[in-house]
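>>> model the following, please.
(2 chains)
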There are 2 protein chains.
Amino acid sequence: MVITSFVGGNQIAMAKTSPNLVITTSDVENMRSAIKKEGKFKRTFIANKASVDKQISEAITVPMPKDGGGGYTHERHKKNYKLMYDAGIIYQLTQDGVYADYVRDMLLAYAELYPTLPLHPKRKMGKQNPGKLFWQSLNEAMWLVYTSQAYDLVLSSLSTEEKATIEKGLFRPIVKFLSVDSPETFNKVHNHGTWTTVAVGMTGYVLGELDWVEQALYGLDKSGKGGFLIQLDELFSPQGYYNEGPYYQRFALLPFITFAKAIQTNQPEREIFEYRDGIVLKAIDTTIQLSYNKLFFPINDAIKSKGIDTIELVNGVAIAYGLTAGASLLDIAKQQDQILLTGDGLKVAQALDKKLEQPYQFDSVAFGDGNDGKQGALVIMRQNVGGEQAVLFKPAAQGLGHGHFDKLTWQFYDKGEEIVSDYGAARFLNVEAKFGGRYLPENSTWAKQTIAHNTVVVDEKTHFNANVKMGNSHHPELLFFEKNDHVIISSAKIDSAYKGVSLKRTMALINLPGQEQSLVVDVFDVQSKKKHQYDLPTHYKGHLISTNFELDTQLTSLPVLGKENGYQHLWLKAQAQPKAGLSQITWLNDNGRFYTSSSIMDGDSSLIFSQIGANDPLFNLRNENAFINRATKSKNHTFVSVLEPHGEYNPSKEFTVSAVSTIEKLSHKKINNIDVVAISFEGNKRYLLAFNSTESFKSNQSNTFSFDGSTYQFDGRFKLFEIKE
Amino acid sequence: MVITSFVGGNQIAMAKTSPNLVITTSDVENMRSAIKKEGKFKRTFIANKASVDKQISEAITVPMPKDGGGGYTHERHKKNYKLMYDAGIIYQLTQDGVYADYVRDMLLAYAELYPTLPLHPKRKMGKQNPGKLFWQSLNEAMWLVYTSQAYDLVLSSLSTEEKATIEKGLFRPIVKFLSVDSPETFNKVHNHGTWTTVAVGMTGYVLGELDWVEQALYGLDKSGKGGFLIQLDELFSPQGYYNEGPYYQRFALLPFITFAKAIQTNQPEREIFEYRDGIVLKAIDTTIQLSYNKLFFPINDAIKSKGIDTIELVNGVAIAYGLTAGASLLDIAKQQDQILLTGDGLKVAQALDKKLEQPYQFDSVAFGDGNDGKQGALVIMRQNVGGEQAVLFKPAAQGLGHGHFDKLTWQFYDKGEEIVSDYGAARFLNVEAKFGGRYLPENSTWAKQTIAHNTVVVDEKTHFNANVKMGNSHHPELLFFEKNDHVIISSAKIDSAYKGVSLKRTMALINLPGQEQSLVVDVFDVQSKKKHQYDLPTHYKGHLISTNFELDTQLTSLPVLGKENGYQHLWLKAQAQPKAGLSQITWLNDNGRFYTSSSIMDGDSSLIFSQIGANDPLFNLRNENAFINRATKSKNHTFVSVLEPHGEYNPSKEFTVSAVSTIEKLSHKKINNIDVVAISFEGNKRYLLAFNSTESFKSNQSNTFSFDGSTYQFDGRFKLFEIKE
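This is a model prediction of the structure:
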């Protein structure tokens, strides 16, 4: 339907087609015919219609804003935008005026309420920008992204008078509030900025206010120093990695793809999906790659249950499929198991009905960080040995305010589960009783601190002294990322996390030739001219089974491990002083597999077993376990360890196999510039992993070293030698 | 094939058909034809054959017994019996001599080894009967149950000489070792006795030694004071409940059903499946009923991951289906997802191929305990309100040596998960590093103690002072178990758990009329003439979200809660002294639902929050949480509480609803002999649960009481009143 609107002021007279944002009139035609045929799309339509029917049978409720995240009015206003959007879709599909009228009536209620609203009573004083309907303007922008679409969907049903009332009472004031009145958030290169500019831009298209669109794209002053395009330039690396990490990448994705789609519909001449070499599509694909067993890698402030089935990525996959028709996207869509009632959603549904999906390939990749891709990297290594293994290695940049102080940390996943874990964010999303559903105080005092991660802590202090600005202005350097058939290996360093201390870590995920065995090799080299205490924690998931050394366990009283920087949250459960040689710690994960961490001990180091939970008056923290390898009064120290998945505990079928590590010896030598890690297994199987992590390395350099009386040679950064004896 | 054997001694000359135990010659005919047709049976055959082919391609290994549970020789001998059995089946199905020869060669190896064996080096001195191949004779009996069947399966392929060698070297000595040489175990009315008598009886059928069968059925002296039949009489209640609980019921099931089937095949005139009103079939069905979301209720010494897909119940369901063709058994078989290569397995496979399954009905039942069904009861209550709820209430008998001191304890399950939990056994089955894979010392010091359960502990002592004999000689009394459309309710008492203290508990699982809401009401009445300390723990599963009272949390040092009887394993995390009135504790389970326990506090009681883990030098215990309601210096005290599932935490879809309890008031009054629990919800909804739990109660007695100025009347034990205001 084409509606011609003639309006005054700075508005441009334009022929308005409705709907014309993410969903177009031609989409609607296809969708109307699809709901007459059996299939996933029709089934989804029937279910959504039933849900909308139930909700619109109740009275419209537009309450006075009162509660913070998770509280009643917060959730009600969230429900309302979703409901208006859904009812708008059902209106387009059924052409039944009852749905349009419902949306109209709710919009009119908002148009009456909105001009009367003060700032939200639960706003966080002096911090984030407050909203009016919600405690923070971020939610207000999200509300508008949906509501502008809902309005677009019912536009054709409204009288000129109704439109005038709604636009005057609601859309113009909220746009003003979010843009001109909040310039700081609007121009910010940050996900709050994205939501805000997109909300304003989408509304601009619907109201024919192309000036708002310009501001959305280029910033309030249209200089290009703020706005959507610079966000696409700055917030993503060339490979499409978003510098706050996967959790916020997923969150940020929705406004990016929604607005890109709306731009494509309204101003195809902008070629937005080609912008920056196709950065929007790359960002969607990278979001998928940043997952393991359907869940996103939980680095930085991340809620751990978020995964590829989140609505943002459902939208992302649908839009990407609509543009590319890539069959492997359907593999993800199938796992998401959610059909969207949009034009792209229909394409996905029809392709799944035809079973066109092809396996999606998860790769080992180093995602360069920063807008130039050169500010460190997030490294993902994958193998498949009796289940899928993944190492996430993080020589990435800080990632702004939601970043954690965890330079060079790692995580390990196997057989579907976390094995060496990251705490993620300390937050119970929208649970009012837990600090209003916001980030808990323990997010700063624990989750962001270095000791909460699997990387070296110097003198019980946090990287960059927990200074975000410092963190943002420094980043690790990726020395190399290489792979062959059996080994994926990466090395990185950072000298700025601690003054006068250089940290260099090399990690390899190995699929041992000739054995059904994966291994993670970890060489963490710490150098300083002064003496320090170095702690390397391993946050393990599972039940401790055995150690090959004696434990001095606290039996009747648990002391706290330290005073600050996260140490105040750790109970000291046990200590141990293993003899020089090989120390082994074995735990059993819920996936039924055993894991042994074998480390080289120098006789001076000690091991500490800890549990999270001290100084936690309101039981906010999860009581998870770690062991910490501690070197005291050291200048240079190299932590060398191997993590080995093995065996199976199957109480249901009553068998247990290979509950004991088969590693018998482990050694590490630095020979010239070459690190040589030798691993000996039961039955005289022995492997050498040799690598050259020098900065001066020349590509495809040849390396030679002598070891145990033999001479070895390799080209390039590394080689795995199998020694037959 | 019919083999006629003429032998001397006390053996009976008989015509031996082979195979003729669980699998018969006519089964074999059907199975041979089934593997030619597509379907579940053929697919299983192909998979099993491939597995057997792989294993028999390796050299036969019959090692000298050396290791305890989970160790190499232990697992090897277990694998061997399974492999001989499987190879025997494949021989029957393919008629390929290579499989029979493999079984023969392994049997000959055992026949050579067995006569040379001393008692097992890892036997437990002075305790359980030792084995020779295994550390305990129980495993030896299990070995023989399988191996006698394997022998039966290949019998027709063996020469007279081979048979003589195998019987002389292996079967006769092992039968002698298990029967005549171990009279105590053989005659014991206990699961070890069952395995032993069955092993001997099965071997008796194969070797034509009907005297052994008589001994198996009636005890060594054939008096009927020992043996299989008295085990069927004594170990099961009339409803088929096995008095050690579901974990051992499942374990014990296999020999019962296997031998019953062999008796049916060889001596149908014994009508074994009709014995004691069909007790064997009842036991199979009861085992299924004793599960929630596929897992067995983990009372007593139980490994918690055991469920309906265990091989014992796969056999049970197949045999029961073979006898009854009950379509609801196929529902269970489908969930088990394992097809047996037996005659009954074929019937199940063919029925599943035809999709004949009908939903299996899980019921609310009070399973009377003891051989007369009158020694207390195990009570299961079920509702279905937005997911399946189950209350397990345990006024059951002690359950012999594997029983826990947990009279009147309870557990609660909802939406697939444990909410109020039982620790189960402290054991890592077959994990050598954890106390040889046997029950850990903490099984006695923690898991069996009263404080490890959800029932009253008097003066920090364990029921019956942890004396098994005392426990076995007393049991609670079930006062009533009743149900209507909305309420399932049960009451029980015991006076003997503590001297001079009487314990009476009434529990109800309610599906509130007119609301999507389930509730558990718990009234625990403790009476004594002397003053005591009463502790009522609730072992909850999930993360503590909020309390409506202030917590005094231990921040920098965790003390231990007590000295003995399990208290020495509890860290004291926090204490609280709520005011008189309603105390509420809310936690969030992994199933995404909130649970609030609302209790009436009298102003003198206190609450303790604890975590398991003190005095645990080797990290053997799981660090689980509880809160303990403590009344000090009380003579009579009634603990009254309501457990309320509510709301949803959905971080993936980013919403949280109803995170707060809607219960506003709770009161309890004893009016004459009637307990009246009044529960008020937000919005003026109010319910009264009234019940009469007196022992002198006459069936369908009429009860009248006044409450808040109104008069109420009900017939029978209880009534739920909805008060409209």
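
>>> tell me the centre residue of chain A?
In chain A, the centroid-proximal residue (C-alpha atoms, centre = their mean) is A:Pro246; its distance is 1.9 Å.

>>> any idea how far A:Leu158 is from that one?
Using C-beta to C-beta, to the nearest Å, we find A:Pro246 at a distance of 40 Å from A:Leu158. Any C-beta I mention is one placed from the backbone N, CA and C, and that applies to glycine too.

>>> same question for A:Phe134.
Distance from A:Phe134 to A:Leu158, by C-beta to C-beta: 26 Å.

>>> what about these two, which has more around it?
A side-by-side neighbour count of A:Phe134 and A:Leu158, using other C-beta atoms under 10 Å in any protein chain shown, places A:Phe134 first with 24 against 21.

>>> doesn't the more buried one belong to a strand?
No: in this structure, A:Phe134 is coil, not part of a strand, as judged by DSSP: H, G, I helix; E, B strand; the rest coil.

>>> what about the spatially closest residue to it that is not a sequence neighbour, which helix or strand?
Closest residue to A:Phe134 apart from its sequence neighbours, by C-beta to C-beta, 6 or more residues apart in numbering or on different chains: A:Glu140 at 5.3 Å. Using DSSP states H and E, A:Glu140 maps to helix A:137-154.

>>> other SSEs contacting that helix?
Secondary-structure packing of helix A:137-154 (3 or more C-beta pairs under 8 Å, 6 or more residues apart in numbering or on different chains; DSSP states H and E): helix A:72-94, helix A:97-113, helix A:172-178, helix A:191-207, helix A:246-266.

>>> near chain B, which residues of the stretch 1-150 of chain A show up?
Counting by C-beta under 8 Å from any C-beta of the partner chain, the positions of the stretch 1-150 of chain A adjacent to chain B are A:Gly70, A:Glu75, A:Lys78.

>>> burial count for the first one?
A count of nearby residues for A:Gly70, using other C-beta under 10 Å, gives 24.

>>> where does it land on pLDDT?
A:Gly70 carries a pLDDT score of 75 in this model.

>>> that one falls within a strand, correct?
No: assigned with three-state DSSP, A:Gly70 falls outside any strand and is coil.

>>> that one reaches A:Arg427, doesn't it?
No: judged on C-beta atoms under 8 Å, A:Gly70 makes no contact with A:Arg427 at a distance of 11.1 Å.

>>> mutual contacts of the two, please.
Counting by C-beta atoms under 8 Å, 6 or more residues apart in numbering or on different chains, the contacts common to A:Gly70 and A:Arg427 are A:Gly437.

>>> next, the contact list for the residue of the stretch 1-150 of chain A found nearest chain B, please.
Using C-beta to the nearest C-beta, the closest approach of the stretch 1-150 of chain A to chain B is made by A:Gly70 at 4.6 Å. Applying C-beta under 8 Å, 6+ apart to A:Gly70 gives the contacts A:Leu429, A:Asn430, A:Val431, A:Glu432, A:Gly436, A:Gly437, B:Thr656, B:Ala659.

>>> and it, its phi and psi?
A:Gly70 has phi and psi values of phi 90, psi -20 when expressed as degrees, to the nearest 10.

>>> for burial, what's the neighbour tally of the closest residue in space to it that isn't next to it in sequence?
Closest residue in space to A:Gly70, ignoring its immediate chain neighbours: A:Asn430 at 3.3 Å, by C-beta to C-beta, 6+ apart. The tally of other residues near A:Asn430 (other C-beta under 10 Å) stands at 24.

>>> what does the model give A:Asn430 for pLDDT?
86.

>>> that one touches B:Glu654, doesn't it?
Yes: A:Asn430 is within contact range of B:Glu654, at 7.1 Å (criterion: C-beta under 8 Å).

>>> ends of stretch A:317-330, what's the gap?
Stretch A:317-330 has an end-to-end distance of 8 Å (criterion: C-alpha to C-alpha, to the nearest Å).

>>> low-confidence ranges in the stretch 101-250 of chain A?
Within the stretch 101-250 of chain A, the stretches with pLDDT under 70 are A:126-128.

>>> what's in contact with whichever helix or strand comes after the helix holding A:Glu140?
Per DSSP H and E, the first helix or strand lying C-terminal to helix A:137-154 is helix A:160-166. Helix A:160-166 has contacts (C-beta under 8 Å, 6+ apart) with A:Arg104, A:Leu107, A:Leu108, A:Ala111, A:Tyr151, A:Leu155, A:Leu158.
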